[in-house]
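1. sequence? don't have it. structure:
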């Protein structure tokens, strides 16, 4: 082996063994791009049940759910489960009538392995009326919207009519993305569609 071949061989060995056995230098693990999989939903069910819906995270207008301003700061919702956000008021008869149905749906979904948090966001301006109703029992986590104007501003922000009548339903997926807004009450015969929306 002549001198040039010898030097070439040494250089090749140096390249192949670079970073091996160098004490404090450890080989870096490969970079893995983190991807968050979108929560699958039934797009036909969304379209039939919701007045506004976002089937995919990247869909136009899709956004994380923030909700309107509230009077008090509530606890963070449980991670990894769907949230049913219901905007209501003590003076809204249809709101009160549908609450037992919402509670039954929540309980039924839990039995099917699809736990759901029911959140009742009151727009009552009379704090006493809300407190009295809460003492008599409400089937979900109660939040108090700062004012009807705060709800109207939020509806406008997400592209809905700010004058929409109560009740208003919003479905938020386990990743915190707003997927569905329904303006108006729900009925018992919506159960199958709700199950489909949630992937059952």
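-> Perfect, I can see it now. Here the structure is a predicted model, which means the values were calculated and not measured.
2. and residue 86, what does it touch?
-> By CB atoms under 8 Å, 6 or more residues apart in numbering, the contact list for residue 86 reads 95, 99, 102, 118, 119, 120, 121, 140, 167, 168, 169, 170. (C-beta placed from N, C-alpha, C; glycine too.)
3. for the fourth one, give me its contacts.
-> With contact taken as CB under 8 Å, 6+ apart, residue 118 is in contact with 84, 86, 102, 103, 106, 139, 140, 141.
4. which of these are buried?
-> 84, 86, 102, 106, 139, 140, 141 (16 or more other CB atoms under 10 Å).
5. was I right to think residue 148 contacts residue 123?
-> Yes - in this structure residue 148 lies within contact range of residue 123 using CB atoms under 8 Å: 5.1 Å.
6. neighbour-wise, which of these two wins?
-> residue 123 (24 against 16; other CB atoms under 10 Å).
7. pull up the gap between the more buried one and residue 165, please.
-> Between residue 123 and residue 165 the distance is 11 Å, computed by CB to CB, to the nearest Å.
8. check residue 106 too.
-> Taken as CB to CB, the span from residue 106 to residue 165 is 23 Å.
9. is residue 120 located within a strand, as I assumed?
-> Yes - under DSSP: H, G, I helix; E, B strand; the rest coil, residue 120 sits within a strand.
10. beta partners for it?
-> Here residue 120 sits in beta bridges with residue 86, residue 142, as judged by DSSP bridges.
11. do you know how far it is from residue 143?
-> Taken as CB to CB, the span from residue 120 to residue 143 is 7 Å.
12. tell me which of these two has more neighbours.
-> More crowded of residue 120 and residue 143, by other CB under 10 Å: residue 120, with 23 against 19.
13. return the residues in contact with that one.
-> 86, 88, 99, 138, 139, 140, 141, 142, 143.
14. show me the strands in the protein, by range?
-> 52-53, 82-88, 116-122, 141-144, 168-172, 178-183 (DSSP state E).
15. now the ones you listed in JSON lines, with distance to residue 43 and mean pLDDT?
-> Putting the strands of the chain into JSON lines (distance: least, CB to CB, whole Å; pLDDT from 0 to 100) gives the following:
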{"stretch": "strand 52-53", "distance to residue 43": "8", "mean pLDDT": "90"}
{"stretch": "strand 82-88", "distance to residue 43": "16", "mean pLDDT": "97"}
{"stretch": "strand 116-122", "distance to residue 43": "20", "mean pLDDT": "96"}
{"stretch": "strand 141-144", "distance to residue 43": "28", "mean pLDDT": "94"}
{"stretch": "strand 168-172", "distance to residue 43": "13", "mean pLDDT": "97"}
{"stretch": "strand 178-183", "distance to residue 43": "10", "mean pLDDT": "94"}
